[in-house]
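Enquirer: quick one, fold the following:
(2 chains)
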Protein chains: 2
Amino acid sequence: MKERIYHEELILFKAIMMNKSIIKFIDDKLNESIEVLKKLCRIPSVAAKNEGLLEAANLVEKMLQDAGLETEVHLTSGAPVVTGWKDVGAKRTLLFYDHYDVQPAEPFDLWDSPPFEPEIRNDRLYGRGVADNKGDITTRIWTLKAFQETNTDLPVNVRFVIEGEEEIGSIHLPEYIEKNTDFITADGGIWEFGGAGIDGRQEAWLGLKGIFFVELEVQRLSRDVHSSTACILPSAASRLTWALNSLKDESSRILIEGFYENIKPLTDSELEAIRKIDLHEEQFKKVYGIEEYLNGLTGDELKKAYYGTPTCNICGLTSGYQGKGSMTVLPAKASCKVDFRLVEGMHPNDIHKKLRQHLDDRGFSDIKFSYFEGYPAAKTPINHPFVKIIENANKRVFGDMVIHPTSPGSGPLYLFNKYVPMVSIGCGDYESKAHSPNESIVIENFRKAMNRIVAVMEEMSKW
Amino acid sequence: MKERIYHEELILFKAIMMNKSIIKFIDDKLNESIEVLKKLCRIPSVAAKNEGLLEAANLVEKMLQDAGLETEVHLTSGAPVVTGWKDVGAKRTLLFYDHYDVQPAEPFDLWDSPPFEPEIRNDRLYGRGVADNKGDITTRIWTLKAFQETNTDLPVNVRFVIEGEEEIGSIHLPEYIEKNTDFITADGGIWEFGGAGIDGRQEAWLGLKGIFFVELEVQRLSRDVHSSTACILPSAASRLTWALNSLKDESSRILIEGFYENIKPLTDSELEAIRKIDLHEEQFKKVYGIEEYLNGLTGDELKKAYYGTPTCNICGLTSGYQGKGSMTVLPAKASCKVDFRLVEGMHPNDIHKKLRQHLDDRGFSDIKFSYFEGYPAAKTPINHPFVKIIENANKRVFGDMVIHPTSPGSGPLYLFNKYVPMVSIGCGDYESKAHSPNESIVIENFRKAMNRIVAVMEEMSKW
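Expert: As a prediction, this is how the structure comes out:
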């Protein structure tokens, strides 16, 4: 018995010593890891524009190799999927899912420093992609580099799946996943985003909403004409506003027939969990510059909308003259981009069909779908043991954390969900402005996120 | 009696000889006059952007001086008004109203040659402003140059009023007019635009609709945010579509209370005149690429809409991401440009007030007017003797012409109407694409438009 206690203490002692040297490496080489992140962020890998993707994929592969991982680049019909792995024969396997693509940086004039020239100001690093998701790519790979450089054995096997089309709906990721279900089967996985909430506490997200993104376009004339002819000619722009108006009423209720019919409502345990969550309503009102939330929602109703409702949101509207002053034109075309966030039970193909039917039924067959994409929602059960591991690991580095049953945002979690329970944590924070101008992260969170990954691996090895 | 006949014949002979030398000058120097026009078109005098206006004003003044006219540049709070005159002590005075500003040339990528680098292809001259209105400025001034260079006496006194803000609603022209009513008082005037219809016949326009142009803007968030938050945050783009939808129903009936109440309907003589006009419905369907006109209008109903109805037209729509592919953003702002064409009896100030009231009554006080301008409609009576002079002069050069009681387009005719009967004729044609990419004129029409001005002056001298 004594022998055994001695043995266990020795393992613990060894773990602490190992841990110390890794943490020291992370601290000592912090500037070096930031330089790696900056280098990655200088590549404008905007999937929506099909720009810089191969360059970013190559750099990510090199980062994985530098951390001692084996790699493979999987070609798809779109951007390649970069994978990396290190199998140390451990009992447990940890998977990371990330993406090397970023959102477009428009409007450029709202950035205080150029989006693809990362810059540190007031202990934050600014640049497109630093929060979503290149900061997290770097923390995760650099943590493994710390094990490698300090000659420390990994306590778990690790695997990386890093795609390049997350921001355009992970269109070609299914091609990879279908052929590689063995690779993605793991005991736990860390999803691509996360960080600190408005109160400074770390947050974990157990699910992601689905999405159906569609670009609607209508053309009613062969060319733009002088607007005086609007007395006798049809208007594409008016057609578009009428069609959009038919989709959603002024209380934001979506009017597409059967839109809400397959929704799986939040479970009792999820409802119980969210009742305890503080959404910091008042603070966020200031962040968004609003007097009140949509339809005056507040308290539990606001939370139910946040975690449990689908949306129909106009991401962009385009028609005619958009320059300064006046131009009296009747535009030939009008278009808009609309994203529907889907909750569990909904499927993008179904929504696609219902939207088309809705428009046709109301005489809007002239409104074409010029582009669309999407995937369904998915969640990791709130009581899964891996969720507890994340919570414990986080406690050792950051303290208490808030666990959200799902994010209101989207990601192709449904592709992984059958093979690995995934939780989303990361190095961002509530001021990170992902998808907006002046995206940034706190350097200190970047450092501590690496420590937390070390802790997750250790906690997992004890499972 | 014989003596008198002889005398009259001598005058006629003299007129023919004069005419001949002028016409010869116009023919011989055609390339030179085209070069003058090209030079004027190379100046991107876009009033909506306040670009190139002074440069264009200076060149126009120089053109007037080169034709032997006295000139004056009248400063206003906006672009200057250039005037030119030659008083030969004749009984009648002819006024020309033109503008040296042009519409924006966007979208640039739809032009086959750069908009501000005029180019001749297949006997047409292409460039922004060649039809609207720099071609006409040039024909009118160059005709006077022909008199000057051939030492021919002018048969009428001539005056030019050339402004630089016609395309943005002639905002500062009233400042000039109020102080110079004596200068604009004349026996007849030629308005800035016109030309050949789809059947090749020349057209004259006796009136112009009014306009109320407004830019609507709504902001609901302090910044663009990730679209996942659309489940709890208000959407500026949706607010805009709802507000626009409230303005006009799907049959294009304008829903603003009292919008139609002050309209002076077309008179019986106007209705009689338009019944004889052929709008070439079938041909224009092909030009516009449409299967049918707005609401399936045809025949007399189509004509009544063309000459007699106001409009509410979306000239431009702007919100959020408008680049390629997807960007999942909830835009903070949305805006649109709307022009209302007004018919006689309506006033822009009244429409402004009613639109504001309409939006406020429907809870759209968040929709702001970020910019507006306008003026009322006006017409020259269809039986005025000057209309006959134009018709006769045109017959000598082009043949029969179509006389429209009003154009569906707008112009600040109301400022002149009390002081001078005006008719719109010009060197454009139905393929001129004013306000659109690939604006152009037919070189032969440019030449003959100069001959017609000679004829108008001669016909006027006999009045």
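Enquirer: got the contact list for the closest residue to chain B within the stretch 251-400 of chain A?
Expert: Residue of the stretch 251-400 of chain A nearest chain B, by CB to the nearest CB: A:G289 (2.8 Å). For every residue, glycine as well, the C-beta is placed using N, CA and C. Contact analysis of A:G289 by CB atoms under 8 Å, 6 or more residues apart in numbering or on different chains lists B:221-223.
Enquirer: same question, A:I34
Expert: By CB under 8 Å, 6+ apart, the neighbours of A:I34 are A:120, A:125, A:443, A:446.
Enquirer: what is the nearest of the residues you listed to chain B?
Expert: A:L125 (19.1 Å).
Enquirer: would you check that that closest one makes contact with A:N438?
Expert: No. Taking CB atoms under 8 Å as the definition, A:L125 is not a contact partner of A:N438, at 11.3 Å.
Enquirer: who's more crowded, those two?
Expert: Counting neighbours by other CB atoms under 10 Å in any protein chain shown for A:L125 and for A:N438 shows that A:L125 has the greater number, 22 against 18.
Enquirer: what about that one, helix or strand, and which?
Expert: Per DSSP states H and E, A:L125 falls inside strand A:124-126.
Enquirer: can you give me the offset of that strand from its chain's centre?
Expert: Counting by CA atoms, centre = their mean, to the nearest Å, strand A:124-126 is centred 19 Å from the centre of its parent chain.
Enquirer: also stretch A:421-435?
Expert: That offset, for stretch A:421-435, works out to 7 Å (CA atoms, centre = their mean).
Enquirer: which residues of the stretch 101-250 of chain A score low on pLDDT?
Expert: Within the stretch 101-250 of chain A, the set of residues satisfying pLDDT under 70 is empty.
Enquirer: which residues of it lie near chain B?
Expert: Counting by CB under 8 Å from any CB of the partner chain, the positions of the stretch 101-250 of chain A adjacent to chain B are A:103-104, A:106, A:110, A:167-169, A:209, A:211, A:213, A:215, A:220-235, A:237-238, A:240-242, A:244-245, A:248, A:250.
Enquirer: what about whatever residue of the stretch 1-150 of chain A ends up closest to chain B, neighbour count?
Expert: Of all residues in the stretch 1-150 of chain A, A:A48 sits closest to chain B, at 3.3 Å by CB to the nearest CB. Residues lying near A:A48 (other CB under 10 Å) number 20.
Enquirer: what's the nearest residue to it if we skip its chain neighbours?
Expert: Closest residue in space to A:A48, ignoring its immediate chain neighbours: B:G325 at 3.3 Å, by CB to CB, 6 or more residues apart in numbering or on different chains.
Enquirer: was I right about that neighbour contacting A:G78?
Expert: No. Using CB under 8 Å, B:G325 is not in contact with A:G78; the gap is 11.4 Å.
Enquirer: the stretch 101-250 of chain A: helices as residue ranges?
Expert: Shown for the stretch 101-250 of chain A, the helices assigned by DSSP state H, counting those that start in this stretch span residues A:135-149, A:173-179, A:181-184, A:236-247.
Enquirer: same question for the stretch 351-463 of chain A.
Expert: All helices of the stretch 351-463 of chain A, identified by DSSP H, counting those that start in this stretch, fall at A:385-397, A:443-461.
Enquirer: please name the bridge partners of A:G195.
Expert: Beta-bridge partners for A:G195, by DSSP bridges, are A:E203, A:G428.
Enquirer: contacts only, for it.
Expert: A:131, A:202-203, A:425-430, A:432, A:441, A:445, A:449.
Enquirer: switch the cut-off to 7 Å
Expert: A:202-203, A:426-429, A:432, A:445 (CB atoms under 7 Å, 6 or more residues apart in numbering or on different chains).
Enquirer: over to A:E166?
Expert: Contacts of A:E166 (CB under 7 Å, 6+ apart): A:99, A:101, A:192, A:411.
Enquirer: what about A:D109, neighbour count?
Expert: Neighbours around A:D109, by other CB under 10 Å: 6.
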